[in-house]
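> Let me see the structure of the following:
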Amino acid sequence: MPSITNFDPSQTLASNVASLLRERIASGEFAPGSKLRLDELRALFGVSLSPLREALSRLCAEGFVATEDQRGYRVVPVSPRNLNEVTRLRSEFESFALRESIRLGDDEWESQVVASLHRLNKLERGAHAEGEGVSQWEQFHCVFHRQLVSACQLPLLLHFCSTLHDLNDRYRRIFLNDNPIDRDVRKEHEEICRATTERRADDACQLLRSHIERTGANVLRALIQKQEESGLLRAQP
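Predicted coordinates:
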């Protein structure tokens, strides 16, 4: 069970709680649509109501949690419409941030991009099918994508990219855990990295767009199939 002693001392209490909650929602531990009970969360994280409510408010603003009138909080449900929006926005924002990073990034940034890919490639996802291996792969995957855009010198854009990446990962992690990816993701990462470090901005941005959109299409198919099987899919306008 998490406790205050497990928190990152460089962050506020509310930020730590928000990070832990976000991870549990993204991983599917807190299922889409499930109710978040304040008393249970207080016991889980060992905090008072004040930082817990602040953390929940942040996650509401990010799109992970929704408030219910006088009835508390609930994990935001998943839907094909929301997934399409997240995928489209992530593709637009990250490709723009990558173009700016290629224009402005220095040699140190290049080295960090290559290093983050190397760490990611050392973890073959198929060899870590359960537990901490998957979690570590997900962390390194996130670091690689964020490192790609980290030199854009646009803090607000980076904040949006980070939120959209987390929202996108929520879908990917929930619905692709039991569904094989029908392409070589490692090769795609390597091609994006190569084009980026060679400063081929047009190629790098197109490769990144295609990478994000193909993942989105795979997740969408899995989501629709899962909802059809459970009778939960409603007609989308």
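> When you work out contacts or count neighbours from here on, use the C-alpha atoms and nothing else.
Fine.
> what ranges of the protein fall below the confidence cut-off?
Applying pLDDT under 70 to the chain flags residues 1-10, 70, 124-134, 176-183, 231-237.
> per-domain residue ranges of the chain.
Listed domain ranges for the chain are 4-75, 80-230 (source: automatic domain parsing).
> how near is the residue nearest to the spatial centre of the chain to residue 44?
For the chain, residue 166 is the residue whose C-alpha lies nearest the centre (Cα atoms, centre = their mean; 2.2 Å). Counting by Cα to Cα, to the nearest Å, the gap from residue 166 to residue 44 is 22 Å.
> got it, and residue 106?
Computed as Cα to Cα, the residue 106 to residue 44 distance reads 43 Å.
> just residue 197 next, same as before
Residue 197 is 43 Å from residue 44, by Cα to Cα.
> do the same with residue 25
Taken as Cα to Cα, the span from residue 25 to residue 44 is 14 Å.
> More neighbours: those two, which one.
For residue 25 versus residue 44, the count of surrounding residues by other Cα atoms under 10 Å is larger for residue 25: 22 against 12.
> one step back: OK, contacts around the residue nearest to the centre of the chain?
residue 26 (Cα atoms under 8 Å, 6 or more residues apart in numbering).
> Return the distance of whichever helix or strand it is part of from the chain's centre.
Taking DSSP states H and E as the definition, residue 166 sits inside helix 155-176. Taking the mean of its C-alpha atoms, helix 155-176 sits 3 Å from the chain's own mean (Cα atoms, centre = their mean, to the nearest Å).
> Stretch 18-35 now?
12 Å.
> ok, and for it, which residues are buried?
Going by neighbour count (16 or more other Cα atoms under 10 Å), the buried part of stretch 18-35 is 18-23, 25-27, 30-32, 35.
> Over to stretch 53-68?
Residues of stretch 53-68 classed as buried: 53-60, 62-67 (neighbour count, 16+ other Cα under 10 Å).
> Can you list the residue ranges for helices in this structure?
Counting by DSSP state H, the chain has helices at residues 13-27, 38-45, 49-62, 80-104, 107-121, 132-148, 155-176, 185-197, 201-230.
> Go through those and name the closest to residue 71.
Nearest to residue 71 among those is helix 38-45 (10.8 Å), distances taken as Cα to Cα.
> and that closest one, which residues are buried?
By neighbour count on 16+ other Cα under 10 Å, the buried set for helix 38-45 is 38, 41, 42, 45.
> now it and helix 13-27, what's the angle there?
Here helix 38-45 runs at an angle of 100 degrees relative to helix 13-27 (axes from the mean of the first three to the mean of the last three Cα atoms, to 10 degrees).
> tell me what helix 38-45 is packed against?
Under the contact criterion of 3 or more Cα pairs under 8 Å, 6 or more residues apart in numbering; DSSP states H and E, helix 38-45 touches helix 49-62.
> Alpha carbons of the helix it packs on, in PDB - could you do that?
Output of helix 49-62 as PDB, limited to C-alpha atoms (Å, rounded to 0.1, in the frame of the first residue of the first chain):
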ATOM      1  CA  LEU A  49      -8.900  15.300   2.200                       C
ATOM      2  CA  SER A  50      -7.200  18.600   1.200                       C
ATOM      3  CA  PRO A  51      -4.300  17.200  -1.000                       C
ATOM      4  CA  LEU A  52      -6.600  14.400  -2.200                       C
ATOM      5  CA  ARG A  53      -9.200  16.900  -3.500                       C
ATOM      6  CA  GLU A  54      -6.500  19.000  -5.100                       C
ATOM      7  CA  ALA A  55      -5.200  15.900  -6.900                       C
ATOM      8  CA  LEU A  56      -8.600  15.000  -8.100                       C
ATOM      9  CA  SER A  57      -9.300  18.500  -9.300                       C
ATOM     10  CA  ARG A  58      -6.100  18.300 -11.400                       C
ATOM     11  CA  LEU A  59      -7.100  15.000 -12.900                       C
ATOM     12  CA  CYS A  60     -10.500  16.500 -13.700                       C
ATOM     13  CA  ALA A  61      -8.800  19.300 -15.600                       C
ATOM     14  CA  GLU A  62      -6.700  16.700 -17.500                       C
END
